[in-house]
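Student: Quick one: sequence plus predicted model below, questions after.
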Amino acid sequence: MSTGIYFDGQSSVRREVMVTLAMDALEIASAEGKVLARWPYANLEALSSPDGLLRVAPQGDALARLEVRDAELAAAIDERAGGIDRTGAADRRSRRKVVLWSLAAVVSMVLVAVFGIPEIVKRLTPFVPYSIEQRLGASVDGQVRAMLDEGKPGRPLQCGTAPASAGARALASLVAPLEAAAGLDMPLRVAVLDRPEVNAFALPGGYVYVFRGLIERAQTPDEVAGVIGHEIGHVAHRDGTRAILQAAGLSFLFGTLLGDFGGGTAVVFATRMVLQSSYSREAETAADLYGADLMRRIGGEPRAVGSLLLRIAGKPGGIANFLLDHPEASQRAAALEKMPRPAQKATLLDAGDWTALKKICAEKRT
């Protein structure tokens, strides 16, 4: 009979006990001879321990344990309980399994993020009510304006806000036939922003923005109308909503479906996705073709956007966000060249309105 240190798993009390090796089990008794535990050899397992110490416990009980420093007793327990591994190999195998399962979990999450979430969002976006999308757009719109506003004294971000603005009337005349031909389930809100970049983008909910720099570089009303038609394509295909939901994740998606736009951080994050991310080649091509078809239906030049793209891309420093990460300008222009022209060409803006639109950001503000 030898001694050991016993922990019953019910308390942190450390007991010095008598250890007896019975025929089929290891018996643990108090100094008074009271049997405290009886562990069959077949159910024993070794726990991690330093050299010179055997620490064993019954399988399935992670708290109760026995510690033995007597080398002869430890060897005898080893002999009777063949399943005990004092080398630590089993423990190392257990740790390796934990690491492998953790890696598998990480890989699974990455795969879900890369492939699963986009597919889920793709399938659920069409079911987002338009009223919810408009509320999302209104929330993002406020953040977009705050990020783009340079705060110049007397120079509001949006152009054409002066009373009786000739530029605003010209813009409305250009947009009206496009909106009628599109027949969207939500109204369009098209505005010109006083920014020098050659850029245009659409937000969820029908918000479309064209920068002053793009209008200044355009040579015809059809080029500006074609760009607006392209952005209307993104609105019609709900590309902005889909991109935001994919980037912000499922929690934001479910919050959107519930109409929860109170999370300022989520709205800011979504705004940055709109301003910094680009759509896929397929989405851009679809928007190009949609806009070109709108132009054909209203009597405009479907190929005008291609001319603008080639002119911007062909000059140093001319490439702006309207082109970044989009399909190559030459490829887009070539695809638009295949679009049929209208049977009868319409004049989208007369000379006076075109001049007013070009000067929309130079109008006197009051």
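Tutor: Received the coordinates, thanks.
Student: Could you list the low-confidence segments of the stretch 251-366 of the chain?
Tutor: Residues of the stretch 251-366 of the chain meeting the criterion pLDDT under 70: 251-278, 314-327, 364-366.
Student: let me redo that: the stretch 1-150 of the chain
Tutor: Residues of the stretch 1-150 of the chain that meet the cut-off, pLDDT under 70, sit at 1, 62, 83-125, 127, 150.
Student: the strands in it, which residues?
Tutor: 2-7, 15-21, 25-29, 35-40, 44-46, 54-58, 65-68 (DSSP state E, counting those that start in this stretch).
Student: Who are the packing partners of the last one?
Tutor: The helices and strands touching strand 65-68, judged by 3 or more Cβ pairs under 8 Å, 6 or more residues apart in numbering; DSSP states H and E, are strand 2-7, strand 15-21, strand 54-58. The way it works is simple: take the backbone N, C-alpha and C, and place the C-beta from them, glycine included.
Student: Give me the angle between the shortest one and strand 25-29.
Tutor: Between strand 54-58 and strand 25-29, the angle comes out at 100 degrees (axes from the mean of the first three to the mean of the last three Cα atoms, to 10 degrees).
Student: counting contacts, what elements does the helix or strand harbouring Met295 pack onto?
Tutor: Per DSSP states H and E, Met295 falls inside helix 281-297. When contacts are defined as 3+ Cβ pairs under 8 Å, 6+ apart, helix 281-297 packs onto helix 166-182, helix 221-237, helix 304-313, helix 329-337.
Student: most neighbours per residue, which of those?
Tutor: Ranked by mean neighbour count, these are led by helix 221-237 with a mean of 25 (mean count of other Cβ atoms under 10 Å).
Student: How far does that helix sit from its chain's centre?
Tutor: 25 Å (Cα atoms, centre = their mean, to the nearest Å).
Student: who's in contact with Ala71?
Tutor: By Cβ atoms under 8 Å, 6 or more residues apart in numbering, the contact list for Ala71 reads Gly52.
Student: Tell me how far it lies from Val192.
Tutor: Noted for Ala71: a distance of 88 Å to Val192, by Cβ to Cβ, to the nearest Å.
Student: Report the residue ranges of every domain in the protein.
Tutor: Following automatic domain parsing, one gets these domains for the chain: 2-86, 128-358.
Student: from those, which stretch is densest packed?
Tutor: Comparing the domains of the chain on average neighbours per residue, with mean count of other Cβ under 10 Å, the densest one is domain 128-358 at a mean of 18.
Student: Ends of that domain, what's the gap?
Tutor: Terminal residues of domain 128-358 are spaced 37 Å apart (Cα to Cα, to the nearest Å).
Student: can you give me the helices for the stretch 101-250 of the chain?
Tutor: 117-124, 130-148, 166-182, 212-217, 221-237, 239-248, 250-257 (DSSP state H, counting those that start in this stretch).
Student: Could you name the helices and strands sitting against the third one?
Tutor: Judged by 3+ Cβ pairs under 8 Å, 6+ apart, the packing partners of helix 166-182 are strand 189-193, helix 221-237, helix 281-297, helix 351-358.
Student: of the ones you listed, which approaches Glu337 most closely?
Tutor: helix 281-297 (9.9 Å; Cβ to Cβ).
Student: Any idea which of the helices and strands packed on helix 281-297 gets closest to Arg155?
Tutor: If we rank the helices and strands packed on helix 281-297 by Cβ to Cβ, the stretch that ends up nearest is helix 166-182, at 14.6 Å.
Student: now that closest one, how far from the chain's geometric center?
Tutor: That offset, for helix 166-182, works out to 34 Å (Cα atoms, centre = their mean).
Student: got it, and stretch 328-345?
Tutor: The answer for stretch 328-345 is 33 Å, by Cα atoms, centre = their mean.
Student: Could you tell me the end-to-end distance of it?
Tutor: End to end - Cα to Cα - stretch 328-345 spans 28 Å.
Student: Next up, the contacts around Pro196.
Tutor: 211-213.
Student: Output these as JSON lines; include the columns pLDDT and distance to Ala29.
Tutor: Output for the contacts of Pro196, formatted as JSON lines (pLDDT from 0 to 100; distance: Cβ to Cβ, whole Å):
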{"residue": "Phe211", "pLDDT": "95", "distance to Ala29": "87"}
{"residue": "Arg212", "pLDDT": "94", "distance to Ala29": "91"}
{"residue": "Gly213", "pLDDT": "93", "distance to Ala29": "90"}
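Student: any chance of those in a markdown table, with distance to Ser173 too?
Tutor: Shown next, in a markdown table, are the contacts of Pro196 (distance: Cβ to Cβ, whole Å):
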| residue | distance to Ser173 |
| --- | --- |
| Phe211 | 20 |
| Arg212 | 18 |
| Gly213 | 22 |
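Student: what's the closest of those to Ala236?
Tutor: Out of those, the member with the shortest distance to Ala236 (by Cβ to Cβ) is Phe211, at 21.4 Å.
Student: sorry, back to before: wait, which of the helices and strands packed on helix 281-297 is closest to Arg65?
Tutor: Using Cβ to Cβ, the nearest of the helices and strands packed on helix 281-297 to Arg65 is helix 221-237, at 63.8 Å.
Student: re earlier: for the helix holding Met295, the distance to its chain's centre please.
Tutor: Relative to its parent chain, helix 281-297 has a centroid offset of 25 Å by Cα atoms, centre = their mean.
Student: May I have that helix as CSV, with CA atoms only?
Tutor: Only the C-alpha atoms of helix 281-297 are listed here, as CSV (Å, rounded to 0.1, in the frame of the first residue of the first chain):
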residue,chain,number,x,y,z
ARG,A,281,-17.6,43.0,-64.7
GLU,A,282,-20.9,41.3,-65.3
ALA,A,283,-22.8,44.1,-63.3
GLU,A,284,-21.0,46.8,-65.2
THR,A,285,-21.7,45.2,-68.6
ALA,A,286,-25.3,44.8,-67.7
ALA,A,287,-25.6,48.4,-66.6
ASP,A,288,-23.9,49.6,-69.8
LEU,A,289,-26.4,47.6,-71.9
TYR,A,290,-29.3,48.7,-69.8
GLY,A,291,-28.3,52.4,-70.2
ALA,A,292,-27.7,52.0,-73.9
ASP,A,293,-31.2,50.5,-74.4
LEU,A,294,-32.7,53.3,-72.4
MET,A,295,-31.0,55.8,-74.7
ARG,A,296,-32.2,54.0,-77.8
ARG,A,297,-35.8,54.0,-76.5
